[in-house]
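Colleague: could you look at this predicted model? Sequence included:
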Amino acid sequence: MADQRAIERYIDAIWLEKGLSANTLASYRRDLSLFACWLNDQGAALLEADRSLLRRHLDWRLEARLKASSTARLLSCLRGFYRYWIREERLTDDPTLQIDSPRRARPLPKTLTEEDVEQLLAAPPLDDALGLRDRAMLEVLYATGLRVSELVGLSCGQVNLRQGLVRVVGKGDKERLVPLGDEAVYWLQRYLAQARRELIEAGSEVLFPSRRGQQMTRQTFWHRIKLHALTGGIDKPLSPHVLRHAFATHLVNHGADLRVVQMLLGHSDLSTTQIYTQVAQHRLQSVHRQHHPRG
């Protein structure tokens, strides 16, 4: 009962001080109550817990394989709780001091298999200008790993089909040269020869215009990708950024140097690119589990 009174007094205090939502307050109350139950099993109370007890609880959570994110949330809640009671002069020591929050695992980016990509690339119809435009856009996106904003913002002058390169202006106005590859060059040439004139006004430099002859928005291209995913029978969450992830993941899977992938993606920090090595390892583990007789 004493623990519950301490929890409710703290919840009332932060409601008055911070105006937190009912859901947030309920989450805090639940975390504190569960910790109080664990302490009770150890013969201790909330306002009696010391650093050693808290470390034991964290070890218990680790052994129970509870998520690092929920443990980090609990620690944040406990810090606020104990600091409140120090301000109220009920406590003199904060048991959460010198205890670091667990590192949260960075979620792996959603990606596609090479078979998924082939199905998506083959989905746009090739008997009209919009279909040819979409096929060229998807080929360029998968060949280069451009951000969607970089793709829809391309002008004709940024593409050199003879050399097979695209000059990209990325974040922070940084320029980079990215190879297109033979397939992307082929579909660009076909699109430019057969379809672009039907969509664009004379004199415009927009490479991939919308139906109205203007620069396409990111949202429009996202909707086009969803449409083609449906046609191609791809039952996965899909966005232009997923193709960027697929580009990087497939390069790493086939042995590309990570620093080269970093340059192609336009990442300023290699640590941002390193997530794709984890995707590759995750894929290898999945294949091993699926096909090895003792997996």
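Modeller: Noted; the coordinates are in hand.
Colleague: helix or strand: which one has the closest residue to residue 96 other than its chain neighbours?
Modeller: Counting by Cβ to Cβ, 6 or more residues apart in numbering, the nearest residue to residue 96 once its immediate chain neighbours are dropped is residue 79, at 4.6 Å. For every residue, glycine as well, the C-beta is placed using N, CA and C. Using DSSP states H and E, the element containing residue 79 is helix 68-87.
Colleague: tell me which other helices or strands that helix touches.
Modeller: Packing partners of helix 68-87 (3 or more Cβ pairs under 8 Å, 6 or more residues apart in numbering; DSSP states H and E): helix 2-18, helix 22-41, helix 51-63.
Colleague: give me the contact list for stretch 151-159.
Modeller: With Cβ atoms under 8 Å, 6 or more residues apart in numbering as the test, stretch 151-159 has contacts from 137, 140-141, 165-169, 180, 188, 205-208, 215-218, 221, 240.
Colleague: that stretch: end-to-end distance?
Modeller: 11 Å (Cα to Cα, to the nearest Å).
Colleague: in that stretch, what's buried?
Modeller: 151, 152, 153, 154, 158, 159 (16 or more other Cβ atoms under 10 Å).
Colleague: now stretch 175-194
Modeller: 176, 178, 180, 184, 185, 187, 188, 191, 192.
Colleague: ok, of those residues, which one's closest to residue 231?
Modeller: Set against residue 231, the nearest of the buried residues of stretch 175-194 by Cβ to Cβ is residue 187 (17.2 Å).
Colleague: which strands or helices does the helix or strand containing the closest one pack on?
Modeller: Residue 187 is part of helix 182-194 when elements are defined by DSSP H and E. With contacts taken as 3+ Cβ pairs under 8 Å, 6+ apart, helix 182-194 sits against helix 129-144.
Colleague: which other residues reach the helix it packs on?
Modeller: 117, 120-121, 124-126, 146, 148, 151, 154, 166, 168, 178-181, 183-184, 187-188, 190-191, 194-196, 198-199, 208-209, 211, 221, 224-225, 228, 240, 243-244, 246-247, 264.
Colleague: picking that back up, so which of the contacts of stretch 151-159 belong to strands?
Modeller: Within the contacts of stretch 151-159, residues falling in strands by DSSP state E are 165, 166, 167, 168, 169.
Colleague: which one of these is nearest to residue 233?
Modeller: residue 166 (29.7 Å).
Colleague: quick one: low-confidence parts of this structure?
Modeller: Filtered on pLDDT under 70, the chain yields the residue ranges 101-110, 172, 267-295.
Colleague: that older thread, from the buried residues of stretch 151-159, which land in helices?
Modeller: Counting by DSSP state H, the part of the buried residues of stretch 151-159 found in helices is 151, 152.
Colleague: and the helices in the stretch 151-295 of the chain?
Modeller: Taking DSSP state H, counting those that start in this stretch to define them, one finds helices in the stretch 151-295 of the chain at 182-194, 196-199, 218-231, 240-253, 258-265, 270-273, 275-291.
Colleague: which among these is found nearest to residue 32?
Modeller: helix 275-291 (34.2 Å).
Colleague: how is the protein divided into domains?
Modeller: 2-87, 114-291 (automatic domain parsing).
Colleague: how far is the longest one from where the chain is centred?
Modeller: Relative to its parent chain, domain 114-291 has a centroid offset of 17 Å by Cα atoms, centre = their mean, to the nearest Å.
Colleague: and residue 19, how many neighbours?
Modeller: Neighbour count of residue 19, defined by other Cβ atoms under 10 Å: 8.
Colleague: stretch 247-256: which residues count as buried?
Modeller: 247, 248, 249, 250, 251, 252.
Colleague: hang on, residue 232 packs against residue 124?
Modeller: No. Between residue 232 and residue 124 there is no contact under Cβ atoms under 8 Å: 9.2 Å.
Colleague: between these two, tell me which one has more neighbours.
Modeller: residue 124 (23 against 18).
Colleague: contacts for stretch 69-81 next, please.
Modeller: Contacts for stretch 69-81 (Cβ under 8 Å, 6+ apart): 7, 10, 14, 27-28, 31-32, 35, 46, 54, 58, 61-62, 94-96, 99, 101-102, 104.
Colleague: ok, now stretch 170-188?
Modeller: Stretch 170-188 is contacted from outside by 132, 135-136, 139-140, 142-147, 150, 159, 161, 164-169, 263-264, 266, 268, using Cβ under 8 Å, 6+ apart.
Colleague: of these, buried ones?
Modeller: Buried, going by 16+ other Cβ under 10 Å: 132, 135-136, 139-140, 142-147, 150, 159, 164-166, 168, 264, 266, out of the contacts of stretch 170-188.
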